[in-house]
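> Using only what follows, build the 3D model:
(one chain, ligands or ions: 1)
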Amino acid sequence: MEKLKKGDQAVVLSGKDAGKRAKIIRVLPDKEKVVLEGVNVAKKHQRANQKFQGGIIEKPLPLHRSKVGLICPHCHEVTRRRVCSECGEPLDKVK
Ligand SMILES: [Zn+2]
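As a prediction, this is how the structure comes out:
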């Protein structure tokens, strides 16, 4: 599988969030994981401290890259390559 990059539009392929589409906000190359905005969110109670007034924090947890597909920004089809298998456009190409 080809590289996933921060800022790519991605879709979750398996698990409880399957079918969700979101932007990649973080890449963890050594763990082969990515973090998608608002996906696989863990809610955590946080006590008040100097920086934070306390409450529930929502934190997206990393997903393994094998569970994530890319979305072509040109034709919006799911692809696993950086050159779209549907329309042939490179994902990195700016419109
Ligand atoms: Zn395409």
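> Can you list the helices and strands that the longest strand seen in the chain packs against?
Secondary structure assigned by DSSP state E gives strand 21-28 as the longest strand of the chain. Using 3 or more CB pairs under 8 Å, 6 or more residues apart in numbering; DSSP states H and E, the elements in contact with strand 21-28 are strand 9-12, strand 33-36. (C-beta placed from N, C-alpha, C; glycine too.)
> ok, residues contacting it?
4-12, 33-39, 60, 62, 68, 71 (CB atoms under 8 Å, 6 or more residues apart in numbering).
> coming back round to it: out of the helices and strands packed on strand 21-28, which is the most enclosed?
Of all the helices and strands packed on strand 21-28, strand 33-36 carries the top mean neighbour count, a mean of 22, counting by mean count of other CB atoms under 10 Å.
> Mind exporting the C-alpha coordinates of the helix or strand following it to PDB?
Downstream of strand 33-36, the first helix or strand assigned by DSSP states H and E is strand 41-46. The C-alpha coordinates for strand 41-46 follow below in PDB (Å, rounded to 0.1, in the frame of the first residue of the first chain):
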ATOM      1  CA  VAL A  41     -12.900   8.900  19.200                       C
ATOM      2  CA  ALA A  42     -12.200   8.000  22.800                       C
ATOM      3  CA  LYS A  43     -14.000  10.100  25.500                       C
ATOM      4  CA  LYS A  44     -12.000  10.700  28.500                       C
ATOM      5  CA  HIS A  45     -12.800  12.500  31.700                       C
ATOM      6  CA  GLN A  46     -10.200  15.000  32.600                       C
END
